[in-house]
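S.K.: Next input, structure requested:
(2 chains)
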Amino acid sequence: MTEQIRVRFAPSPTGHLHIGGARTALFNYLYARRQNGVFVLRIEDTDAERSTDESVQMILHDLKWLGMTWDEGPEIGGPFGPYFQTQRLDLYREKLEFLLERGSAYYCFCSADTLEKKRELAMATGQQPKYDGTCRRLNPAEAKARVQAGEPYVVRLKIPDAGSTIIDDKIRGKMVFENSVLDDYVLSRTNGLPTYNFAAVVDDAAMKITHIIRGDDHISNTPRQIILYQALGEALPAFAHVPMILGSDKTRLSKRHGATSVGAYADEGFLPHTMVNYLALLGWAFDDKTTLFTPAQLIEKFSLKKVSKNPAVFDPAKLQWMNGVYIRQLPAEEYVARAVPFIIQAGLLHEPLSEEQRAWAGRVALLVKEHVKVFNELPRHVQYFFGETVELDDAAGEKLALAKERAELFKALHQKMSMLESFTHAGLEEMMKAFIAETQVKFGDLVHPLRAAVTGRANSPGIFEVLELLGKERAIKRLAAGLASVGINIAD
RNA sequence: GUCCCCAUCGUCUAGUGGCCUAGGACAUCGCCCUUUCACGGCGAUGGCGGGGGUUCGAAUCCCCCUGGGGACGCCA
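M.R.: Residues are numbered from 1 along each chain as shown, chains lettered A, B, ... in the order given. Next up is the predicted model:
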């Protein structure tokens, strides 16, 4: 029996779940499922200033929305808990003691201000902005005394002066870093809380994480972390750095590029599986032709070997296309359940809805199922079904103007429609066919002005469906009003 | 500035020395279907950043250049 694969997604709760974070989570999730491993969720809330409980809730919510269930973590616990770093402070303290005692780490009393100035100076003069090692040379006993005297301090890791550290990355192969370019970074802050690099390594080791799959913006952290693993005497996990997601200008995806949070896409009316499928394709491909995958297929086909090395530009157009595909695949019932709330939200209908209203709204929404790519655009597709009258747009005006030359014909049509008993798709179609046969007019010549009058637009779903759902009364009224607007008076 | 990573159509990508006259998807354009729109079908435009090697043969291997990105926090 081989070692159980354990991976983790470790967000910091300083905001919503970001697209990039979601993709990282997804790759971890897929890898875990594919390998029959364990997907751990750990909250890295060691930044006291920025971490909020609200962010934790949003992240958990969005992860669940995407369908990524974790095997260990918040809300469910697990054998390696707790899963919030601020609840694991004793562990970090213990490890810190260990490093201090072994001389792998040391106290540093340099003030943040001084360091900041030195860093700026170094940057400005083209020097490498690394910690100059002032406190590394302090006598340990002396340092300890200063600590006991109450002087503020941080703890730094001693990086070997010589040698190099190699990352053997699952995706990129070997990457070599000279230790001399690394500096003695901070493990423990003045406030006693561990830094990211320290807490992450301690936890990954404690939680027996076997594969660290994360964005490649963490590559430069990796040699520092590897040295820490070694200082701690812990076995190294495997690393897999996935490429970043970029905006259209090829810089790191940010608000400038539009919505970056998973929640925002949910609100706009993207389907969770669309996000999952699309995100999976950002940096990963199965073969040369498959783009649509079911959740099960994603799990079955995912492999780190096929993750690409180059950064991927987030393309909203393709996301929208894919959402359209999945919307069209939705069973009618589910489609309606997702669509109607957007009609209400747009103010076209108001709660509470009667059963008839709800059913009718569902039928209306179903009419444009083929048209909708994102649910928030649904209201503008069906807007003319609501309200008594319509306003003609330019294209509709042109179509309606075509009726001018056939005033008598349209009057007759209005007459026929008024007298129609069964104002249904079938009834309307039957009437219309008879009318065409009788008048020898082309179907289109009749339909285009009719559609324009009744919807205010040059295009719509099939005219008979539209008429039926509009109802006889409104349809006739709108036709009369439309004809009147081009000088055809029904009463004449 | 230093270190690291990356480099195939506008975008996501397939490609691991001959199957490539470089394949697919989105986007764009055209045609068809059609009561319009959408869907769908068919087709077109469009790419191996540049230069050197290696090889009988390079998108594929090596080097240099260029370009892009990331990191350099008591953020994660």
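S.K.: which stretches of chain A aren't confidently modelled?
M.R.: Applying pLDDT under 70 to chain A flags the ranges A:1-2, A:492.
S.K.: which residues touch the most centrally placed residue in it?
M.R.: Centroid-nearest residue in chain A, with CA atoms, centre = their mean: residue A:262, separated by 3.0 Å. Residues near residue A:262 by CB atoms under 8 Å, 6 or more residues apart in numbering: A:16, A:17, A:18, A:19, A:22, A:62, A:65, A:66, A:275. To be clear about C-beta, it is placed using only N, CA and C from the backbone, and glycine gets the same treatment.
S.K.: Pretty sure the fifth one sits in a helix.
M.R.: Yes: when the secondary structure is assigned by DSSP: H, G, I helix; E, B strand; the rest coil, residue A:22 falls within a helix.
S.K.: roughly how far apart are the nearest residue to it once chain neighbours are set aside and RNA strand B?
M.R.: Spatial nearest neighbour of residue A:22, chain neighbours left out: residue A:262 (5.0 Å); criterion: CB to CB, 6 or more residues apart in numbering. Going from residue A:262 to RNA strand B by CB to the nearest atom of the strand, to the nearest Å gives 16 Å.
S.K.: Please report the distance of residue A:262 from residue A:323.
M.R.: Using CB to CB, to the nearest Å, residue A:262 is found at 14 Å from residue A:323.
S.K.: Ok, residue A:14 next?
M.R.: Taking CB to CB, one finds residue A:14 at 28 Å from residue A:323.
S.K.: With neighbour numbers in mind, choose between the two.
M.R.: Set side by side, residue A:14 and residue A:323 show more neighbours around residue A:323, with 24 against 14, by other CB atoms under 10 Å.
S.K.: OK, contacts around that one?
M.R.: Each residue near residue A:323 by CB under 8 Å, 6+ apart is listed here: A:269, A:270, A:271, A:274, A:373, A:374.
S.K.: most surrounded residue in those residues?
M.R.: Of all the contacts of residue A:323, the highest neighbour tally under other CB under 10 Å goes to residue A:270, namely 24 neighbours.
S.K.: What residues does residue A:284 make contact with?
M.R.: Under the criterion of CB under 8 Å, 6+ apart, the contact list for residue A:284 reads A:27, A:302, A:306, A:307, A:308.
S.K.: Now do the phi/psi pair for residue A:313.
M.R.: The phi/psi pair for residue A:313 (degrees, to the nearest 10) reads phi -90, psi 130.
S.K.: RNA strand B versus that one, what's the distance?
M.R.: 3 Å.
S.K.: what residues are up against the nearest residue to that residue once chain neighbours are set aside?
M.R.: Distances taken as CB to CB, 6+ apart put residue A:246 closest to residue A:313, at 5.0 Å, once the chain neighbours are dropped. Contacts of residue A:246 were listed using CB under 8 Å, 6+ apart, and they are A:252, A:253, A:311, A:312, A:313, A:314.
S.K.: in chain A, which spans are strands?
M.R.: A:6-9, A:38-41, A:105-108, A:154-157, A:164-169, A:173-178, A:186-188, A:211-215, A:238-242, A:245-246, A:312-313 (DSSP state E).
S.K.: quick one: contacts of the first one?
M.R.: Counting by CB under 8 Å, 6+ apart, strand A:6-9 makes contact with A:21, A:24-25, A:28-29, A:31-32, A:37-42, A:63, A:70, A:204, A:207-213, all of which sit outside it.
S.K.: Now which of the residues you listed would you call buried?
M.R.: Buried subset of the contacts of strand A:6-9 (neighbour count, 16 or more other CB atoms under 10 Å): A:21, A:24-25, A:28-29, A:31-32, A:37-42, A:63, A:70, A:204, A:207-213.
S.K.: For residue A:361, which non-adjacent residue is spatially closest?
M.R.: When the adjacent residues along the chain are set aside, residue A:361 lies closest to residue A:340, with 5.1 Å between them (CB to CB, 6+ apart).
S.K.: right, I mislabeled it, should have said residue A:427
M.R.: residue A:420 is the one closest to residue A:427 (CB to CB, 6+ apart), at 6.0 Å.
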